[in-house]
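>>> whatever this is, show me its structure:
(chains A, B, C and D)
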4 protein chains.
Amino acid sequence: MIEDWDNFLIPYKQAVDELKVKLRGIRAQFLKIDGRSPIEFVTGRVKPVDSIKEKMVRRHISEDRLEEDMEDIAGLRIMCQFVEDIYQVVDLLRKRTDINILEERDYVHNKKPSGYRSYHIIFEYPVQMLDGEKVILAEIQVRTLAMNFWATVEHSLNYKYQGEFPDDLKGRLESSAEAAFKLDEEMSEIRDELQETNEAAPDNKLRKSSDENSNLQ
Amino acid sequence: MIEDWDNFLIPYKQAVDELKVKLRGIRAQFLKIDGRSPIEFVTGRVKPVDSIKEKMVRRHISEDRLEEDMEDIAGLRIMCQFVEDIYQVVDLLRKRTDINILEERDYVHNKKPSGYRSYHIIFEYPVQMLDGEKVILAEIQVRTLAMNFWATVEHSLNYKYQGEFPDDLKGRLESSAEAAFKLDEEMSEIRDELQETNEAAPDNKLRKSSDENSNLQ
Amino acid sequence: MIEDWDNFLIPYKQAVDELKVKLRGIRAQFLKIDGRSPIEFVTGRVKPVDSIKEKMVRRHISEDRLEEDMEDIAGLRIMCQFVEDIYQVVDLLRKRTDINILEERDYVHNKKPSGYRSYHIIFEYPVQMLDGEKVILAEIQVRTLAMNFWATVEHSLNYKYQGEFPDDLKGRLESSAEAAFKLDEEMSEIRDELQETNEAAPDNKLRKSSDENSNLQ
Amino acid sequence: MIEDWDNFLIPYKQAVDELKVKLRGIRAQFLKIDGRSPIEFVTGRVKPVDSIKEKMVRRHISEDRLEEDMEDIAGLRIMCQFVEDIYQVVDLLRKRTDINILEERDYVHNKKPSGYRSYHIIFEYPVQMLDGEKVILAEIQVRTLAMNFWATVEHSLNYKYQGEFPDDLKGRLESSAEAAFKLDEEMSEIRDELQETNEAAPDNKLRKSSDENSNLQ
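Numbering: from 1, shown residues only, chains lettered A, B, ... in the order given. Below is the predicted model of the structure:
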């Protein structure tokens, strides 16, 4: 029995705190060097104990297998403007020497039945504890702002009504997910066409100096 | 001539820092008391000097009128899940005794020609400076995640290409804004129908304990 | 009976968060305008529920008098380099229009029997709650780094041993407080003599640019 | 010639941000597990460009040797209550697998001529940049609150008067450093004697619950 969940979650909380600083650092680097970042903003959280317990029951995970079998106790989320940005971010994550990627799940191009889209990366991350290094599992979800809009609203409905949706509403939610994804594709296409009509790249200095719409906090 | 922009911007930076803490506090209160918040997340920024100068030229604002005529040097943004949440947040802002609202602009139901939607509130806010209180102008934009998705991408395209869009692309961007708004309406309708089919409200304690999808940082 | 301490403490937590940003803003202003700040760093905390309960017993405060009679549920601390800085900070706090000072206690020049020194300010502070403005009590302690050194160590010993000190150790602690205060006075004197021997003030631009020893975080 | 200092300092700023989160994590772990932390608080800064340039001249460091020869561009500082805490923290740092210690300088027991005391650790730290891992040099200074009091005031005087102190004032500063160290020793002795007179350790649960004097921010 895990008697002290607070203690159990210490390395996960530490990992989330460190990874938020690390992933936000990527955004800062892009903005300084490039004037534009594929990362719009980053969030992170440790899974609440209630959700951990609920998932243990649902997925038949015993306490002694918790550290190996539950991959999203430490969870990070990266939001992008365009679908292509997701893959640029994933490439960067693959190159990092401070995480060890175990698995990638592309729910962007293979959506879940609910309509959910995101790119999931499961990895090992070493945390320095008082009694030495401890390697934990963690998950990063990479998605566009539109995917995040849909997933946030769907999660909040799902949560409030415990996933008990009538079939027709399920269908309408799924169609909404599709509409959101179509919007993503349309925005990418508009960007591509703009790029073609604007052969001459705009002055780099100008692009660098502005960050008015920044979500940096 | 404003020779030291850093000094000029001190009270604006201070206002943004204070208001971020204040508006995020609203979210925290809702989550603790209600289990759900109409505020998903809050961002803030001081307008970069380049953008201030560019807007002074475009809007014919002289330096000695800057404090009175440029309302968004200190800017906050509140993101909501549903369109109705926007108006709940606006009601709360109206009740605050620490800001003095001068003007409200409802671009949610009266979109701009570009397709842009958001609710803008212009207000006075007092900041304590070394030589006494100084009242500055500031702006809060309240919008849904879908409106924010569209506005973020549109801003970034607009910025990169200096707003020089061919007419057909302008039209497509506008249609995308409409599609995003349709999505917002559909999500609200799904929520309303779920609410009807679920007469019995779910257990409050459960709803309170979870905050897995939180964007709190 | 206060059944939900979390809810009871919401406005206090909000006040501490806001006041930390406000007081740190003073430091930032001084550094930008003057190149030197009388404020070295600022900390804040909400009194832990255990400590509140313990103090209620010790001071015979009933629950229905808690809001009026316990002044340090929301507590801020300002650390200064020199004793004179304390009074400069106190003067600034007196001028603020966002707090209403109720009481000042000068334990700097009238030390407590234990040897403790600090300047305490009790004040009212308005917080915006979901159901309107709520005015709470809060306390700011202003002290030098030397006073803080002594108070921190004394608190930690006191805490560990529940204040049960043999008389001789009590006396030695008191002497240490005196020695710390003597050090403060010596540092101030050295500063004053340096000021006299250096008639010509050093180049202002240089002084402004450096902040290497900053405790800003 | 380093033309873009902002770019040059990106990895150093990133390292400082990450290490602040990491070192503060140690404090949080101690408080949760032990109820008391040898770390009181942690600060960090990137050396300002002016100070870097000044030190390059003073130490005859050329730009192409900057990364190898200037060890404190990224600087962290850990403040402790007792002298013994310094060595406990140093031991913990030695065990970390995410830093590679190159050199330790014990100015605690071998004070500098000025009277300065602190424990300095120079180490390599890997940062993930957009184009791969980059290993930089960084420095952690570990000191007591009393040492920090003296060093902070001395630095600020030194800085203001460019180190041009008359000999007698130099002597008085040095004596003050000694007095501060004596205070540290006296506090340690008082703690030790308290420990002896209190054979029975106090209830652990109580000790854990309180953190009133915390400097966590």
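
>>> report how many residues lie close to A:Tyr87.
Using other CB atoms under 10 Å in any protein chain shown, A:Tyr87 has 16 other residues around it. (Each C-beta comes from the backbone N, C-alpha and C, glycine too.)

>>> find me the pLDDT at it, would you?
Listed pLDDT for A:Tyr87 reads 98.

>>> list the residues that contact it.
Neighbouring residues of A:Tyr87 by CB atoms under 8 Å, 6 or more residues apart in numbering or on different chains: A:Tyr119.

>>> any idea how far chain B is from A:Ile121?
Distance, A:Ile121 to chain B, using CB to the nearest CB, to the nearest Å: 18 Å.

>>> same check on A:Tyr116?
Separation of A:Tyr116 from chain B (CB to the nearest CB): 12 Å.

>>> tally of neighbours for that residue?
Per other CB under 10 Å, the neighbour tally for A:Tyr116 reads 17.

>>> ok, now which ones touch it?
Listed by CB under 8 Å, 6+ apart, the contact set of A:Tyr116 reads A:107, A:150-151, A:154, A:177.

>>> of the residues you listed, select the buried ones using a ChimeraX command.
Burial among the contacts of A:Tyr116 is assessed by 16 or more other CB atoms under 10 Å in any protein chain shown; the matching ChimeraX selection reads:
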select /A:150,151,154,177
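
>>> tell me the confidence at A:Glu196?
What the model reports for A:Glu196 is a pLDDT of 83.

>>> work out for me the element it sits within.
helix A:167-197 (DSSP states H and E).

>>> so where's the longest strand in chain A?
Longest strand in chain A, counting residues (DSSP state E): strand A:132-144.

>>> by contact count, what packs against that one?
If contacts are counted by 3 or more CB pairs under 8 Å, 6 or more residues apart in numbering or on different chains; DSSP states H and E, strand A:132-144 sits against helix A:5-34, helix A:66-69, strand A:74-80, helix A:83-95, strand A:119-129.

>>> circling back: is chain B contacted by the helix holding A:Glu196?
Yes - applying CB under 8 Å from any CB of the partner chain, one finds helix A:167-197 touching chain B at A:169, A:172-173, A:176, A:179-180, A:182-183, A:186-187, A:190-191, A:193-194, A:197.

>>> need the buried ones from those residues selected in PyMOL.
PyMOL command restricting the residues of helix A:167-197 next to chain B to the buried ones, with burial defined by 16+ other CB under 10 Å:
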select buried, chain A and resi 169+172+173+176+179+180+183+186+187+190+191+194
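
>>> tell me the angle of the longest strand of chain A relative to strand A:74-80?
Strand A:132-144 and strand A:74-80 are oriented at 30 degrees to each other (axes from the mean of the first three to the mean of the last three CA atoms, to 10 degrees).

>>> same for the following helix or strand past strand A:132-144, what does it pack against?
Counting by DSSP H and E, the next helix or strand C-terminal to strand A:132-144 is helix A:145-160. Secondary-structure packing of helix A:145-160 (3+ CB pairs under 8 Å, 6+ apart): strand A:74-80, helix A:167-197, helix B:145-160, helix B:167-197.

>>> which strands and helices sit next to the last one?
I take that to be helix B:167-197. helix A:145-160, helix A:167-197, helix B:83-95, helix B:145-160.

>>> likewise for the first one?
Strand A:74-80 sits against helix A:5-34, strand A:41-46, helix A:83-95, strand A:132-144, helix A:145-160, with contacts defined as 3+ CB pairs under 8 Å, 6+ apart.

>>> CA-only coordinates of it in CSV, if you can.
Extracted C-alpha coordinates of strand A:74-80, given in CSV (Å, rounded to 0.1, in the frame of the first residue of the first chain):
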residue,chain,number,x,y,z
ALA,A,74,4.3,13.2,-14.9
GLY,A,75,2.7,14.9,-17.9
LEU,A,76,3.8,17.8,-20.1
ARG,A,77,1.9,19.4,-22.9
ILE,A,78,3.3,21.4,-25.8
MET,A,79,0.9,23.5,-27.9
CYS,A,80,1.8,24.4,-31.5
